[in-house]
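Trainee: pasting the structure only:
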């Protein structure tokens with residue numbers, strides 16, 4: 001991939017390994033901030049290899065299924081205890097992982113911070129994850145929606161739930177002996193299992 005160009009991609013919730021693999025070497029990573037919300041995508045969901053199979057963490061939204069709502073206007077349903085429940089799920093699954101405690105305090109601070117909008121919540125999480133994966137480029141938000149741009153590598157809507165990727169990294173997962181290996185889970189899983197070495201798994 002030509003890292004001298006800007007990569008533009010939509011924002012995911014706890015981005016998948018494939019999302020991270022595609023953007024980690026970019027000089028400039030531009031998050032699409034001017035699109036309309038699209039249901040059935042990774043925008044409000046993330047998958048983890050849980051003790052009973054794949055575990056879906058889904059963000060409850062206020063009128064989130066309205067396709068005409070711009071992504072920055074989608075509200076989180078904070079009347080529901082989703083933060084508490086999801087943090088409980090993550091700590092239950094990863095307490096025994098090699099590097100969970102290494103990242104726990106910083107991630108808990110993000111969970112404790114007030115967040116009203118889906119975009120802001122996911123952007124803060126993604127910026128934190130990129131930093132932990134050693135992203136050295138510039139992270140920015142798009143200022144207007146462009147269908148095509150000759151100076152930009154457009155990766156929007158290229159990574160979707162259910163798609164398989166032949167180059168997904170293979171690494172040890174906590175419940176692999178019980179359920180087998182699940183490819184392209186949230187990159188948070190890779191981070192908790194490999195720690196500072198997680199970046200190496202994303203190399204070509």
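Mentor: It's in. Note that the structure is a prediction, hence the values are computed from the model and not measured.
Trainee: going forward, measure contacts and count neighbours with C-alpha atoms only.
Mentor: Will do.
Trainee: How far away from the center of its chain is stretch 55-72?
Mentor: Chain-centre distance of stretch 55-72: 15 Å, with C-alpha atoms, centre = their mean, to the nearest Å.
Trainee: meant to ask about stretch 173-184
Mentor: The answer for stretch 173-184 is 19 Å, by C-alpha atoms, centre = their mean.
Trainee: Now do the SS call for the residue sitting furthest away from the middle of the chain.
Mentor: Relative to the centre of the chain, and counting by C-alpha atoms, centre = their mean, the farthest-placed residue is residue 150 at 26.2 Å. Put simply, residue 150 is coil when judged by DSSP: H, G, I helix; E, B strand; the rest coil.
Trainee: do you know how far it is from residue 8?
Mentor: Here residue 150 is placed at a distance of 12 Å from residue 8 (C-alpha to C-alpha, to the nearest Å).
Trainee: swap in residue 128?
Mentor: Distance of residue 128 to residue 8, given as C-alpha to C-alpha: 18 Å.
Trainee: of those two, who's got more company?
Mentor: residue 8 (24 against 16; other C-alpha atoms under 10 Å).
Trainee: what number of residues lie near the closest residue in space to the more buried one that isn't next to it in sequence?
Mentor: Counting by C-alpha to C-alpha, 6 or more residues apart in numbering, residue 8 lies nearest to residue 30, which is 4.7 Å off, once chain neighbours are set aside. As a burial measure, residue 30 scores 23 neighbours (other C-alpha under 10 Å).
Trainee: Residue 30 pairs with what?
Mentor: Counting by DSSP bridges, residue 30 is bridged to residue 8, residue 140.
Trainee: just checking, it touches residue 139?
Mentor: Yes: assessed by C-alpha atoms under 8 Å, residue 30 is found in contact with residue 139 at 6.1 Å.
Trainee: Report the buried residues of the longest helix seen in the chain.
Mentor: Longest helix in the chain, counting residues (DSSP state H): helix 118-132. Under the neighbour-count criterion of 16 or more other C-alpha atoms under 10 Å, helix 118-132 has 118-123, 125-126, 128-130, 132 buried.
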